[in-house]
Every structure is written in structure tokens, then in C-alpha cells.
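Got a predicted structure plus its sequence, pasted below:
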Amino acid sequence: MRNLLHCSGLSLMDVFSLFPDDKAAEEWFIQQRWPTGVCCPHCGSMNVQSSAAHKTMPFGCREYKHCGKRFSVRTGTVMQSSKLGYQVWLIAMYLLSTNLKSVSSMKLHRDLNITQKSAWHLAHRLRQVALSTREPFSGPVEVDETYVGGLRKNMHASQRKDLTGRGATGKTAVVGVKDRDSNQVRVKVVEKTDAETLHGFVADNVDPDAKVYTDDARAYNGLPFDHEKVQHSVAEYVNGQVHTNGIETFWSMLKRAHKGTFHKISPKHLHRYAGEFAERHNVRKLDTLEQMGIMAQGMVGRRLKYEELVA
């Protein structure tokens, strides 16, 4: 029998073979969070005991003088206070990892046999995991913006064009950067695409010595980097190494999912959807189980309550 832990891709049947019940799924989450041994999430002590008598909080800190709290692998993660079983969480992670255009809450609702409300909250909590901060890109990088949202109804295209400058009225702006060497992408939802916003985004995500390629939008003028532009305004899209084709390909994927999977994405939640697609792009060459492991390891400190989601 093949070793499922070392196969590049997992089928859904493989997932059920590896994790046939909540106990097996829970053990996997424990290994992902504490590979060198369980430690208390409250005080950091490894002086911990486990008890099968406490089903929801199986671990207890033995530093009784200053802690002594009980906890589970859910504590302090996006899974905290969730009533969904560990197997449900793990299968949801599998579905989000293996569907290139993501998964709607309606599909999760049907596939996992949970309410649509629970499925929607579950999906957003998993997307929350992708919103992490990393080291600046060393470059060369491509920087570009796009706009996500629907067209105004009952309006002629020429009128709609008159309302739009660079972007579109009623749409939400997203700025992104792609590092050519690592092929990694980062994105951010922004209120404006002016010089202050775009320059700040580049400064936050790109090493000062990196080469930066953009189009010829005026907002990029004066960018304090080794900077070259491709002249989109005169129908120039590639000039040797000067182009933004990589990040534009990523935008196309994001928009296909917007139209095909979700149909409508609220501006309020767009940052999580965009972050999900950036993370999926960044880990796409890894084995499925590795992708799920990265997601599990990123759950700590990323709690998202339902009240916060709908506020």
C-alpha cells in the first residue's frame, strides 16, 4: 500500500483514509501546532498533563502557582470556541487547498453537512490564516493594481467609462506585488491608488535594493527604488524585462474566481478572499498535505469571531 503521507496530491478518499475520525484529525492538528511537544498556550510551559476525562480541554498546565489552566489544540486559534469537529475542519482545509478557484460557502454547506452560516464562518476563518506578515521581497518585483466588483447596472458602457479614471467607480482597489525570483505574491485592499498609498505598499513589501517594475501610472512617479515602467498608455506591454505580466496573470485568476465561484464579493471581506488566493498561489507547488500543514500552523493568534465578521 502506498504511503499517503508522501504522495504529492491527496484525493478525498485519501483524506478519509488518513483521518477517519475526529481523534485522528485532532492528533494531526496537535502535531502541526506542537511538533516538539505540547506546551501551554497561556504561559508557554511544557509542564503539561493530558486527561481523557476532559474531552473538550484535554490538556492541563501544571504550573499551578501562576497558570494551571486547561486548554486544547483549538485554544488561541481560529478554531477556538468552534463546535465543528476536527475532521470537518480538516476536510474544509483540504477543499480550500485543492480547488484553484476556491469553494463557496454553499458548497461547503452541502459537502460538510453543516449549516450555510457555519460554512461561511468556517471559510472566512480559514482565509484569515492567510493574512500573515513576511520579510520584504528581494526582487526583481512587479507591482500593479486591479479593481474588483460589479459593473453599474442599467448604464451604457460609454457612461460607465466616463465615471471611471484608473479603475472603476463602485469597485474596490487591490494592489499587489509579485517577486520574480520566488514567484511569491502579496496583495492588499486599499481605499485609494494615489502615490502615498502605492509608495507605502511597495516600501512595506519590497527590499530597498530591489528592482521594481510597474506600468506608467502617475502614482508610481518618484518611487524611491531602482524603478522602470512599461508604457501601457501607448500599448506597450513588454519591453525586455520591463513588464507586469506576472502580477496581471494573478489578477486574472482572482477575477475568474470572483465571477465563477463567488459571483459577488463584499468589499468588507475582499481582503480575506484576496489573501486566500495569494496564499494558494504561493504554496501551489507543495504537496497537498504540506499546504494543509502550513494552514494549520498559521491558525495560532488568528481568531475571528462571528460577531466580528458580521459587524
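That came through fine. Residues are numbered from 1 along each chain as shown.

My guess is Thr214 contacts Phe225. True?
No: at 9.6 Å, Thr214 and Phe225 do not qualify as touching, with contact defined as CB atoms under 8 Å. Placement of C-beta: from N, CA and C, glycine included.

Point out where the stretch 101-250 of the chain drops to low pLDDT.
Residue ranges of the stretch 101-250 of the chain with pLDDT under 70: 132-133, 150-169, 234-237.

residues touching the nearest residue to Leu131 once chain neighbours are set aside, list them.
Taking CB to CB, 6 or more residues apart in numbering, and ignoring the residues beside it in sequence, Leu131 has Gly275 as its nearest neighbour in space, at 4.7 Å. With contacts defined as CB atoms under 8 Å, 6 or more residues apart in numbering, Gly275 is in contact with 127, 130-131, 187.

of these, closest to Met299?
Ala130 (10.9 Å; CB to CB).

helix or strand right after whichever strand or helix holds Ala25?
Element membership for Ala25 (DSSP states H and E) is helix 22-33. Using DSSP H and E, the helix or strand that follows helix 22-33 in sequence is strand 48-50.

Contacts for that following strand, please.
With CB under 8 Å, 6+ apart as the contact definition, strand 48-50 has outside contacts at 38-40, 58-62.

Restrict these to the buried ones and give me that as a ChimeraX selection.
Here is the ChimeraX command that picks out the buried ones among the contacts of strand 48-50, judged by 16 or more other CB atoms under 10 Å:
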select :38,39,40,58,59,60,61
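
JSON lines for the contacts of strand 48-50, including distance to Trp89?
Written out in JSON lines, the entries for the contacts of strand 48-50 read as follows (distance: CB to CB, whole Å):
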{"residue": "Val38", "distance to Trp89": "19"}
{"residue": "Cys39", "distance to Trp89": "21"}
{"residue": "Cys40", "distance to Trp89": "22"}
{"residue": "Pro58", "distance to Trp89": "16"}
{"residue": "Phe59", "distance to Trp89": "18"}
{"residue": "Gly60", "distance to Trp89": "23"}
{"residue": "Cys61", "distance to Trp89": "24"}
{"residue": "Arg62", "distance to Trp89": "28"}
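
any idea how far the nearest residue to Asn282 once chain neighbours are set aside is from Ala130?
Nearest residue to Asn282 in three dimensions, chain neighbours excluded: Gln184, at 4.9 Å (CB to CB, 6+ apart). When distances are taken as CB to CB, to the nearest Å, Gln184 and Ala130 turn out to be 13 Å apart.

Compare neighbour counts for those two and give me the winner.
Summary of the neighbour comparison: Gln184 and Ala130, criterion other CB atoms under 10 Å, with Ala130 having more neighbours (24 against 17).

Now do stretch 135-144: distance to the chain's middle.
Between the mean C-alpha point of stretch 135-144 and the mean C-alpha point of its chain there is a distance of 18 Å (CA atoms, centre = their mean, to the nearest Å).

hmm, who's touching that stretch?
Applying CB under 8 Å, 6+ apart, the external contacts of stretch 135-144 come out as 175-182, 184, 186, 198, 201-202, 204-207, 209-215, 220, 241, 243-248, 251.

hmm, 7 Å instead?
Stretch 135-144 is contacted by residues 176-181, 184, 202, 205-207, 210-215, 244, 246-248 when judged by CB atoms under 7 Å, 6 or more residues apart in numbering.

cool, stretch 85-97 as well?
10, 15, 19, 21-22, 25-26, 28-29, 79, 102-103, 108, 111-112, 114, 122, 126, 288, 291-292, 295.

same thing but at 6 Å, please
Counting contacts by CB atoms under 6 Å, 6 or more residues apart in numbering, the residues outside stretch 85-97 that touch it are 15, 19, 22, 25-26, 103, 112, 122, 126, 288, 291-292, 295.

Taking the chain centroid, which residue in this structure is the extreme one?
Of all residues in the chain, Lys65 sits farthest from the chain's C-alpha centroid, using CA atoms, centre = their mean; the distance is 39.4 Å.

what separates that one from Glu27, distance-wise?
From Lys65 over to Glu27 the distance is 30 Å, taken as CB to CB.

Please consider this matter closed, and thank you.
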